[in-house]
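Asks: structure, please.
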Amino acid sequence: MGNHSAIRKTDKQETLMSWAILALLSAIAAGIFLAQFRDNPVNRSIPIPKAASSQSLTAMLSVPDTLIPMTASEQFDPASLSDKIDGKAELYLSAGFRQLQCQRFSEKSNPASWLEAFIFEMQTPSGAFSVFSTQRRDGAQPFDFAPLSYRTANAVYLSHGAYYLEIIAASPSEKLSEGMRMILGNFINAHPVEKAASDESALFPKTGLIEGSMTLIATDVFGYDALNKVFTAKYKLDNVEMMAFLSRRSTPDEAQQLAAGYYRFLMNFGGKDAEIRDAKMVEIMDNYDVIFSKGNMLAGIHESPNKEAAQKLAAMLAEEIQK
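Replies: A predicted model of the protein is given here:
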């Protein structure tokens with residue numbers, strides 16, 4: 001009887017000790033778990049605000065004194081751009097987007113009348129122009145500030161160097177329109193852009209150029225899958241409408257090979273040789289295409305109904321490239 005009592009006493013002690021050890025282990029585990037969530041100033045990752053800039057764009061845009069800031073300035077980088085323009089961010093990112101700054105301004109005399117200014121900074125002028133031409137709105141009208149600008153009833157748009165600008169009013173307003181005009185003019189004056197060899201859009205001849213017709217086509221240009229990153233512009237020369245095109249390639253050899261490839265492509269689709277000096281001319285479907293290369297630039301004329309007009313514009317284009 002006494003032995004059974006001793007055995008039960010020993011079992012009870014062992015059970016209590018086991019529970020004590022388990023409790024101690026649980027406490028240690030809990031401590032380790034909670035330590036993961038303590039604020040460690042050495043290892044803490046400091047979040048970067050998605051849109052945080054208290055600096056006003058008033059100075060950068062030279063906003064006229066008839067307008068006052070309505071909101072703080074916002075700034076977006078590639079990681080946060082979709083927070084501002086959800087659904088269209090990829091278009092900008094693929095064109096070499098760097099940052100967006102935007103801010104709203106209202107009329108000093110009428111706070112209910114306001115506009116929002118967007119400054120998209122891209123990596124290259126080509127990237128800015130790509131967005132500008134792709135985003136072109138319906139009902140666009142030429143704007144007299146720069147060749148790469150246009151306006152709609154309540155907004156103005158500009159491609160200037162590596163910048164793409166949109167200034168959009170909540171509703172059409174004569175006073176806001178004047179403010180937009182002043183903002184764009186001040187911005188262009190404050191950010192002079194020289195004609196750069198890397199900016200194909202600046203190499204098109206001005207004579208006969210149809211305003212607002214420049215476009216950057218990314219892929220499968222004119223149905224030829226090897227032809228990409230091509231700037232185009234429409235012309236009316238000697239009452240003949242046609243299109244000129246330019247594409248900067250990596251090397252002169254690449255430009256020559258691409259010109260030869262596009263020529264063969266047209267010939268394979270029923271084109272016929274039409275003699276022209278220093279270039280290839282193809283007559284196809286009652287139109288004339290001119291193809292040539294100068295240095296690392298591929299250039300030409302597309303779908304001109306008149307042979308002489310195509311030759312004339314091609315010569316003008318070649319002269320601009322050589323300047």
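Asks: use CA for all of it now, contacts and neighbours both
Replies: Noted.
Asks: which residues touch residue 244?
Replies: 204, 232-235, 299-302, 313-314, 317 (C-alpha atoms under 8 Å, 6 or more residues apart in numbering).
Asks: what strand or helix carries the nearest residue to it once chain neighbours are set aside?
Replies: Leaving out its chain neighbours, the residue that sits closest to residue 244 by C-alpha to C-alpha, 6 or more residues apart in numbering is residue 301, at 4.4 Å. Residue 301 is located in strand 297-304, with elements delineated by DSSP states H and E.
Asks: which strand runs longest in the protein?
Replies: Determined from DSSP state E, the single longest strand within the chain is strand 97-107.
Asks: pairing partners for that strand, with directions?
Replies: strand 67-69 (antiparallel), strand 74-76 (antiparallel), strand 114-122 (antiparallel) (DSSP bridges).
Asks: just to revisit the earlier point, what is the distance between the strand holding residue 301 and the centre of its chain?
Replies: 25 Å (C-alpha atoms, centre = their mean, to the nearest Å).
Asks: mind listing residues that contact the strand or helix carrying residue 59?
Replies: Taking DSSP H and E as the definition, residue 59 sits inside helix 58-61. Applying C-alpha under 8 Å, 6+ apart, the contact partners of helix 58-61 are 69, 183-184, 186-187.
Asks: got the CA positions of it in PDB?
Replies: C-alpha atoms of helix 58-61 as PDB (Å, rounded to 0.1, in the frame of the first residue of the first chain):
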ATOM      1  CA  THR A  58       4.200  77.200 -59.000                       C
ATOM      2  CA  ALA A  59       7.800  78.100 -59.400                       C
ATOM      3  CA  MET A  60       8.700  75.300 -61.900                       C
ATOM      4  CA  LEU A  61       5.700  76.100 -64.100                       C
END
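Asks: where does this protein have low pLDDT?
Replies: Scanning the chain for pLDDT under 70 picks out 1-56, 195-199, 218-219, 275-276.
Asks: other residues contacting the longest strand of the chain?
Replies: 56-57, 66-78, 81, 112-123, 127, 176.
Asks: hey, where'd the helices end up in the stretch 101-250 of the chain?
Replies: In the stretch 101-250 of the chain, the helices defined using DSSP state H, counting those that start in this stretch lie at 125-134, 174-190.
Asks: of those helices, flag the one that's most buried.
Replies: Burial of the helices of the stretch 101-250 of the chain is given as mean neighbour count (mean count of other C-alpha atoms under 10 Å); helix 125-134 ranks first at a mean of 23.
Asks: how far away from the center of its chain is that one?
Replies: For helix 125-134, the distance to the chain centre is 6 Å (C-alpha atoms, centre = their mean).
Asks: got the contact list for that helix?
Replies: 91-92, 95-97, 120-122, 148, 157-164, 199-201, 214-217.
Asks: at 7 Å instead, please
Replies: Under the criterion C-alpha atoms under 7 Å, 6 or more residues apart in numbering, residues 92, 95-96, 122, 159, 161-164, 199, 214-216 lie in contact with helix 125-134.
Asks: and those residues, which of them are in strands?
Replies: Going by DSSP E, the strands hold 122, 159, 163-164, 215-216 from those.
Asks: a markdown table for these, including distance to residue 321?
Replies: Below are those laid out as a markdown table (distance: C-alpha to C-alpha, whole Å):
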| residue | distance to residue 321 |
| --- | --- |
| 122 | 24 |
| 159 | 21 |
| 163 | 23 |
| 164 | 24 |
| 215 | 18 |
| 216 | 17 |
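Asks: I figured residue 305 hits residue 289, correct?
Replies: No - the criterion here is C-alpha atoms under 7 Å, and residue 305 misses it with residue 289 at 9.2 Å.
Asks: count the residues that sit near residue 89.
Replies: 17 (other C-alpha atoms under 10 Å).
Asks: got a list of what it touches?
Replies: By C-alpha under 7 Å, 6+ apart, the contact list for residue 89 reads 81-82.
Asks: for it, grab phi and psi.
Replies: When quoted as degrees, to the nearest 10, the phi and psi of residue 89 stand at phi -60, psi -40.
Asks: return the distance of residue 137 relative to residue 193.
Replies: Counting by C-alpha to C-alpha, to the nearest Å, the separation of residue 137 from residue 193 is 25 Å.
Asks: right, I mislabeled it, should have said residue 282
Replies: 37 Å.
Asks: which ones are touching residue 210?
Replies: 234-236.
Asks: including neighbour count and distance to residue 255, could the residues you listed go into JSON lines?
Replies: Output for the contacts of residue 210, formatted as JSON lines (neighbours: other C-alpha atoms under 10 Å; distance: C-alpha to C-alpha, whole Å):
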{"residue": "234", "neighbour count": "21", "distance to residue 255": "22"}
{"residue": "235", "neighbour count": "24", "distance to residue 255": "23"}
{"residue": "236", "neighbour count": "15", "distance to residue 255": "27"}
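Asks: in TSV, list these along with distance to residue 262.
Replies: Shown next, in TSV, are these (distance: C-alpha to C-alpha, whole Å):
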residue	distance to residue 262
234	20
235	22
236	24
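Asks: these in strands, which ones?
Replies: Residues from the contacts of residue 210 lying in strands, with DSSP E as the criterion: 234-236.
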